[in-house]
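1. A predicted structure for the sequence below; I have some questions about it.
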Amino acid sequence: MAVQDLARSRRRILGTLFAMQSLTSAGVIATATVLTIVAADLTGNPSLAGVPSAVIQLSMAFSALLWGQLWDRLGRKNGLTIALLIGLAGAGLTAAGNEYGIVWVFGLGIIGIGAMRAGTLMSRFVAAEVSAPEVRGRAISIVVWAGTVGAVLGPLLVAPSSAWATSLGFNELTGPILIGVPLIGLASMVTFAGLRPEPAKLARLVEEAGPRPKVAPQGTRALSQLIRVPGVYTAVITVALAQAVMVTLMGITALYMRDLGHSLGDISVVFAAHTLGMFAFAPLSGALSDRLGRGPVMIAGSLIVILSGIVAPSSPAVPVLVAGLFLLGLGWSFSFISGSALLSDQLTPSERSKTQGANDMLIGLASGLGSLASGVIYAGLGYGALGLMGGVAMAVGFAFSAWWTVRPRGPQTAAAD
């Protein structure tokens, strides 16, 4: 394939991933805005408010491992399309479960949403593998940046979709969930039509056309070997902690605000600020990661997440919560994009899918456990305790990022990680 054709195919794939991520993030964020409230209402127990988020994260965890194995066999296009169709069914079931008060249907639906989210989250690695190493951070950031559409559109859909649902005689919280059905359906069609040529094939061509890779082991390394590579475990730990802290604090904020007497409109504003921080500055995160290196950006991200855990609980006022949740999103963006790029840097093409799937499984498990504990911690100790615990956890990510950045590297060490 000619260089011009490679570039054209890469742009098409990145554009398709951008559109897919924009559509799905809008639907998922609209749903996430009300999930803790739905859980508290369905069960009648506020301490279970974090369960839906935990179920989604655990579904993401095990689905990521599955997608990591299947995408090598099915291809990236078919695998991602299947993930989206599962999410489409999940959104419908979640809405039905909430509307009719059937907890097991609601639970089955959010499992489907989690399986889809695992696939859409792994699409960042598809962007990375069709891109040269020197622009890999920016390629990942394009996919993450697509979430800006969801950051703006998702929360804004909450109030009108609630009003629409109420006008039809449905529960007001059914609307923000049901709105995901058309958005995810359109995303699945865009993905199936636009991911061509098959990204895995294009990735091999990009690898052949580029310079000799830094990582050149004899054969394909097993996961047990890869997890001992400093760059690999530093990336995994930093990203997993950033994701877990973000999901835990974000997920309980809606319930915290409702308990304070804030309206759905106020909650939507805070969520809009949070998701704006997550996604709007993704191009900056990617550019800094490529220019300054992965380590410094992971360090900055860790520190910003720690700061958010201090700011958010410091006052119940909406402007303070907006600032705290914005910082939480921004710190996540820096950590997530630079850490994902660092992980991709460590792997050969034959190692990527299985390792990235295992990585996202660990991210999901950490996030799921955090979400599961969040309702109990909030009910027993309060919102401030969640912020403090999140900051302590992220301090571990900061320590690993700082160590990896400053540690001495000999020729053999540099080649290995």
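-> Sure thing, it's come through.
2. buried stuff in stretch 59-78?
-> 59-68, 70-72, 75-78 (16 or more other CB atoms under 10 Å). Quick note: C-beta positions are derived from backbone N, CA and C, even for glycine.
3. so what's Ala273 up against?
-> Ala273 makes contacts with Val322, Ala323, Leu325, Phe326, Gly329, as judged by CB atoms under 8 Å, 6 or more residues apart in numbering.
4. how near is it to Leu386?
-> 18 Å (CB to CB, to the nearest Å).
5. again, but for Pro230
-> On the measure of CB to CB, Pro230 and Leu386 end up 31 Å apart.
6. the more surrounded of the two?
-> Between Pro230 and Leu386, Leu386 has the larger neighbour count (other CB atoms under 10 Å), namely 26 against 16.
7. surely that one and Gly375 touch.
-> No - counting by CB atoms under 8 Å, Leu386 does not reach Gly375; the two are 10.0 Å apart.
8. mutual contacts of the two, please.
-> Common neighbours of Leu386 and Gly375 (CB under 8 Å, 6+ apart) are Ile252.
9. before we move on, the earlier item: pick the one among the contacts of Ala273 closest to Ser335.
-> Distance to Ser335 across these (CB to CB) is lowest for Gly329, with 11.0 Å.
10. roughly how far out does stretch 139-154 sit from the chain middle?
-> 10 Å (CA atoms, centre = their mean, to the nearest Å).
11. next one: stretch 176-190
-> Here stretch 176-190 shows a centroid-to-chain-centroid distance of 18 Å under the convention CA atoms, centre = their mean.
12. ok, and what's touching that stretch?
-> With contact meaning CB under 8 Å, 6+ apart, stretch 176-190 is reached by 16, 19-20, 23-24, 26-28, 30-31, 33-34, 38, 81, 84-85, 87-88, 91-92, 94-95, 98, 113, 116, 157-158, 161-162, 165.
13. helices - which of those land there?
-> Per DSSP state H, helices hold the following members of the contacts of stretch 176-190: 16, 19-20, 23-24, 26-28, 30-31, 33-34, 38, 81, 84-85, 87-88, 91-92, 94-95, 98, 113, 116, 157-158, 161-162, 165.
14. gap between the residue nearest the centre of the chain and Ala373?
-> Geometric centre of the chain, nearest residue: Leu121, 5.3 Å, by CA atoms, centre = their mean. The gap separating Leu121 from Ala373 is 22 Å, by CB to CB.
15. Pro296 now?
-> Counting by CB to CB, the gap from Pro296 to Ala373 is 31 Å.
16. and for Leu223?
-> Separation of Leu223 from Ala373 (CB to CB): 27 Å.
17. same check on Val152?
-> Taken as CB to CB, the span from Val152 to Ala373 is 30 Å.
18. what do you get for Ser161?
-> Distance of Ser161 to Ala373, given as CB to CB: 30 Å.
19. higher neighbour count, those two?
-> Neighbours per residue (other CB under 10 Å) separate Ser161 from Ala373, with Ser161 holding more: 22 against 15.
20. how many residues are close by the nearest residue to the more buried one once chain neighbours are set aside?
-> Distances taken as CB to CB, 6 or more residues apart in numbering place Gly175 nearest to Ser161, at 3.4 Å, with adjacent residues excluded. Other residues within reach of Gly175, judged by other CB under 10 Å, total 25.
21. Gly175 sits in which helix or strand?
-> Under the criterion DSSP states H and E, the helix or strand holding Gly175 is helix 174-178.
22. only alpha carbons, please: show that helix as CSV.
-> Taking C-alpha atoms only, helix 174-178 is exported to CSV below (Å, rounded to 0.1, in the frame of the first residue of the first chain):
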residue,chain,number,x,y,z
THR,A,174,-36.2,6.3,32.0
GLY,A,175,-35.7,9.0,29.4
PRO,A,176,-31.9,9.6,30.0
ILE,A,177,-31.4,5.8,29.7
LEU,A,178,-33.6,5.2,26.7
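23. now the helix or strand following that helix, how far from the centre of its chain.
-> Reading on from helix 174-178 to the C-terminus, the next helix or strand found by DSSP H and E is helix 180-194. Counting by CA atoms, centre = their mean, helix 180-194 is centred 18 Å from the centre of its parent chain.
24. what comes up buried for helix 180-194?
-> Buried residues in helix 180-194, counted by 16+ other CB under 10 Å: Gly180, Val181, Leu183, Ile184, Gly185, Leu186, Ala187, Ser188, Val190, Thr191, Phe192, Gly194.
25. low-confidence stretches in the chain?
-> 1-3, 209-219, 409-417 (pLDDT under 70).
26. the strands in it, which residues?
-> For the chain, no strands are identified by DSSP state E.
27. and stretch 125-143, how far apart are its ends?
-> 9 Å (CA to CA, to the nearest Å).
28. may I see the buried residues of that stretch?
-> Judged by neighbour count using 16+ other CB under 10 Å, the buried positions of stretch 125-143 are 125-131, 133, 135-143.
29. cool, stretch 301-320 as well?
-> Going by neighbour count (16+ other CB under 10 Å), the buried part of stretch 301-320 is 301-309, 311-313, 318.
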